[in-house]
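In: Any chance you can model this:
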Amino acid sequence: MSLTKEWINRLTHWDTTLWQICYEPLSIIELDGFVTRKQLSAEEALKHKFHPMPVGTAWGAKWEYGWFKCVLTLPDKAAGRRIVLFMNPAAIPPESGERLNWTDGRVISSYGWARRDNKLTRYGIPGNNNWYAQAPEDGECLVWANGKVAGSFGSARREITLTRNGIPGSTFSLLVEAYSGHGPLVMGGGPIRIGYESVPEPGKTQVEVGASRFGIWREQVYQLALDFTTLFELRNRLDQTSLRVSEIDQGLKDVTLLIDLELPEPEMLETINLARERLRHLLACVNGSTAPTFFAFGHSHIDVAWLWPLAETDRKIARTVINQLNLMEEYPEYRFLQSQPQLYLMLKNHYPELYDRFKQALLSGKVIPDGAMWVEADTNITGGESLIRQIMYAKQFFKQEFSMDTEVLWLPDVFGYTGALPQILLGCGCTSFATQKIAWIYHGGDPFPYNTFLWEGIDGSAIPAHIFSDYNSQTHPGNLLDRWETRFQKDGIRSMLLAFGWGDGGGGPTRDHLEFLSRARDLEGLPRVKLASPGEFFADLKRQDLPKERYVGELYFQAHRGTYTSQAKTKLGNRRSEFALHDAEFWCTLAHTLNGHSYSPDDLKPAWKKVLLNQFHDILPGSSIHRVYEEAEAAYTQVISQATNAIYSAISSFIDSKVSDSMTVFNSLSWERTELIETTQGTVQVTVPSCGWTTINTMPLPKSSPRPHRGVRVTESSLENDLLLAIFNDRGEVISLVD
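Out: Residues are numbered from 1 along each chain as shown. This next block holds a predicted model:
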């Protein structure tokens, strides 16, 4: 090893310092604002009265949004420079915006105002089974500049570029919508003691106005920071006795001697350029013929609902899309995967201008419309017909909106996969399947044996499948090596998928992701990386005559076991809605065909979409917050009511209203049924053909005759109706049951 401990410390400090000096502040921004729980457009918000909200102003009850505005003017110092914006109107107290994260009683990281990307994954450290608790991130917000959506801030808190070529005296009118949150973020842990409120309600205010500012982004320093970190991380993972490490070490040491941060700005930047030139040939070294390949694409996994309601997801997709559009403008080769037509629809309904821009990016090949389901749906509770409709409705949407088909089922976060899926996928025109969820293993569970394999379903159908690592990957060298070295399958594969970016409100990939990838594309010592879609990955497997391995049956997920036993009312609502819509479509179609009843297949689509939406993997299984289930149950009530009305309207066309002394009994099932039916004459046995109906004669009771009593008679020790008498002892046990 060519580096002493002293040199390691020196290089570590330089690696940190270069990132810290990328930004030169110019001015603090003063904000005016107001708060509301209403979902407003930018035009509607500007009609409200704004009042001064200086730094430290507390605001933000549960589910509350703040709208803020200001005007900034670029000073002379901004001439020709890249100008960036940091907005923080919904900061988590204390005032500094800094805090420590803890796990197992040990400080593991901290955040300051710059919000660098040292954040942990949502469920903990890779390879570590410990869960962690963390204060909520500073609030997410969407920013308009001069009337146009300009960017957003998510949990990664990256900067927004206002201009790449500052003009002194130019002004920017800013408008910001910020989310205050829904209370503390609590995940994992337990058991919970009696009387302890595991998820406490937030107070009247949750956040405060933090320091917002704008400044110069030193692009040369940023590029050197990327170069330096790339090589420093790489050398730390390679054979310390290798020539490659020796040459990298010498280059990094030289850089620390070339740069002089005490010089005036122009001269200092010249030393930065010299340092970049010193590292250039080290970054130009390429791999040999046996390096593995990552098929990489930008991704922002967005849970349609989870710790937030649907109304917040409307905003999350907008915040994510604007950041990705900005990246596509600056990096023409960039490609971003967006699944779930439900999210496209949210964007179209609430942000039509953004949707049009996103659609154009999709049509030009920069957006990958993969997914193959309306939402990333649960597959264990969801009925088979619903799973088919998830795919059918998604394919229809992509065909109608973009004249495109989608063939890869992209389900990275679902809690297990039924063995019926291969058959359903092949029958619906899908060619492959990708997930990463099966890679989540808690408490020493057995790992899945394969990353790439043929998945055989319960009927013998088989489809190529791939399990990658992490749907929110980073792209710096250490992470790329982690992704490859921790794969399940050590033999027989030479490629994997790499989905990179911040998810669930993080805003998706950032410039950092793409800049690191540009250096790692074929860098000696790292896996090769190519920007490509999941479909291209599976096509490459087919050219290699892969996969060879085969796995049969359900893909069982070892974690999240408690979800499937919670929220029983929602699960019941889903099943009743599925049954009701099946019957409504059956009888409406039959009545239309035989009797000319007015009906179109589109009539029940809105109801079906409500059901499909609530089959999302954090709604139907039972892992979301209380408000999500209130909204889901309200949706099921609407669906069942609409379906019931459609059923009665359809079957009425089969009933002869002129015949009063009869009853028509309908059977929507595909087998003959014999049932007991209550009539005015009592209980009669009726046999009804499959998918049909039968009419029976009933005679009305004389007007003077009371209807027979059908109620339940209750005493302290018995229950009785017209059929049964049950008697209980003092322990509630049945001691007599008489028919």
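In: My guess is residue 441 contacts residue 557. True?
Out: No: assessed by CB atoms under 8 Å, residue 441 is found out of contact with residue 557, at 9.7 Å. Bear in mind the C-beta positions are built from the backbone N, C-alpha and C, glycine included.
In: Check which helix or strand residue 227 maps to.
Out: helix 219-237 (DSSP states H and E).
In: Now the element after that helix, going C-ward?
Out: Next element after helix 219-237 (DSSP H and E): helix 243-258.
In: Buried residues in that next one, which are they?
Out: By 16 or more other CB atoms under 10 Å, the buried positions in helix 243-258 come out as 245, 247, 248, 249, 251, 252, 253, 255, 256.
In: ditto for stretch 524-537
Out: Buried residues in stretch 524-537 (16+ other CB under 10 Å): 524-537.
In: so can I have a markdown table of those residues showing distance to residue 685, secondary structure and pLDDT?
Out: Formatted as a markdown table, the buried residues of stretch 524-537 follow (distance: CB to CB, whole Å; DSSP: H, G, I helix; E, B strand; the rest coil; pLDDT from 0 to 100):
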| residue | distance to residue 685 | secondary structure | pLDDT |
| --- | --- | --- | --- |
| 524 | 81 | coil | 98 |
| 525 | 79 | coil | 97 |
| 526 | 75 | coil | 98 |
| 527 | 70 | coil | 98 |
| 528 | 72 | strand | 98 |
| 529 | 70 | strand | 98 |
| 530 | 69 | strand | 97 |
| 531 | 68 | strand | 97 |
| 532 | 64 | coil | 97 |
| 533 | 60 | coil | 97 |
| 534 | 56 | helix | 98 |
| 535 | 57 | helix | 97 |
| 536 | 62 | helix | 98 |
| 537 | 60 | helix | 98 |
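In: how far away is residue 64 from residue 202?
Out: 10 Å (CB to CB, to the nearest Å).
In: swap in residue 623?
Out: Residue 623 is 20 Å from residue 202, by CB to CB.
In: out of these two, which sits in the busier spot?
Out: residue 623 (22 against 19; other CB atoms under 10 Å).
In: from memory residue 496 sits against residue 489, does it?
Out: No: in this structure, residue 496 is not within contact of residue 489 by CB under 8 Å, at 9.3 Å.
In: So between these two, which is more surrounded?
Out: Neighbour count, other CB under 10 Å: between residue 496 and residue 489, residue 496 has more, with 22 against 17.
In: Assign a three-state SS to the more buried one, would you?
Out: strand (DSSP: H, G, I helix; E, B strand; the rest coil).
In: Distance check, it against residue 354.
Out: 32 Å.
In: Show me what counts as buried in stretch 691-699.
Out: Buried residues in stretch 691-699 (16+ other CB under 10 Å): 693, 696, 698.
In: Could you tell me what pLDDT the model assigned to the nearest residue to residue 171 once chain neighbours are set aside?
Out: Leaving out its chain neighbours, the residue that sits closest to residue 171 by CB to CB, 6 or more residues apart in numbering is residue 73, at 5.0 Å. With respect to pLDDT, residue 73 scores 97.
In: Next, residue 73: phi, psi?
Out: Dihedral pair for residue 73: phi -120, psi 130, per degrees, to the nearest 10.
In: and it, what is it in contact with?
Out: 169, 170, 171 (CB atoms under 8 Å, 6 or more residues apart in numbering).
In: Which residues are in contact with the second one?
Out: So the one you mean is residue 170. 73, 74, 163.
In: ok, so of the residues you listed, who is nearest residue 83?
Out: residue 163 (5.2 Å; CB to CB).
In: centre of the chain versus stretch 245-261, how much separation?
Out: The chain centroid and the centroid of stretch 245-261 are separated by 41 Å under CA atoms, centre = their mean, to the nearest Å.
In: start the count at 259, not 1, going forward
Out: Shifting the count to begin at 259 puts that one at stretch 503-519.
In: Excluding its own residues, what touches that stretch? List them.
Out: 259-261, 265, 268-269, 272, 275, 279, 482, 486, 489-490, 492-493, 496-497, 525-526, 529-530, 532-533, 536-537, 540.
In: Verify the stated contact: residue 978 with residue 986.
Out: No: if you go by CB under 8 Å, residue 978 and residue 986 don't touch, sitting 11.7 Å apart.
In: Please enumerate the strands of the stretch 709-858 of the chain.
Out: Here the stretch 709-858 of the chain has its strands, by DSSP state E, counting those that start in this stretch, at 710-714, 720-725, 753-758, 786-789, 808-810.
In: how about the strands in the stretch 359-508 of the chain?
Out: 364-369, 399-403, 406-411, 418-421, 429-437, 465-466, 470-475.
In: Next, the buried residues of the last one.
Out: Neighbour counts over strand 470-475 (16+ other CB under 10 Å) mark 470, 471, 472, 473, 474, 475 as buried.
In: Flag the shaky bits of the stretch 709-858 of the chain, pLDDT-wise.
Out: For the stretch 709-858 of the chain, no stretch is flagged by pLDDT under 70.
In: With respect to burial, which of the strands of the stretch 709-858 of the chain scores highest?
Out: strand 753-758 (a mean of 26; mean count of other CB atoms under 10 Å).
In: what helices or strands is it leaning on?
Out: Secondary-structure packing of strand 753-758 (3 or more CB pairs under 8 Å, 6 or more residues apart in numbering; DSSP states H and E): strand 551-557, helix 735-743, helix 792-801.
In: Could you check the angle the second one makes with strand 551-557?
Out: Put plainly, it is helix 735-743. Here helix 735-743 points in a direction 120 degrees away from that of strand 551-557 (axes from the mean of the first three to the mean of the last three CA atoms, to 10 degrees).
In: who's in contact with helix 735-743?
Out: With CB under 8 Å, 6+ apart, helix 735-743 has contacts from 384, 488, 491-492, 494-495, 550, 552, 726-728, 731, 754, 756, 774, 778, 781, 783-785, 787.
In: quick revisit: quick one: which of residue 699 and residue 815 has more around it?
Out: Shown here are residue 699 and residue 815; by other CB under 10 Å, residue 815 has more neighbours (21 against 15).
In: Roughly how far does the more buried one sit from residue 792?
Out: Taking CB to CB, one finds residue 815 at 20 Å from residue 792.
In: With residue 462 instead?
Out: For residue 462, the distance to residue 792 - CB to CB - is 46 Å.
In: for residue 840, same thing?
Out: From residue 840 to residue 792 the distance is 32 Å (CB to CB).
In: same deal with residue 997?
Out: Counting by CB to CB, the gap from residue 997 to residue 792 is 61 Å.
In: want to throw the helices and strands packed on strand 753-758 into a markdown table with distance to residue 868?
Out: Listed next are the helices and strands packed on strand 753-758 as a markdown table, based on distance: least, CB to CB, whole Å:
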| stretch | distance to residue 868 |
| --- | --- |
| strand 551-557 | 27 |
| helix 735-743 | 38 |
| helix 792-801 | 28 |
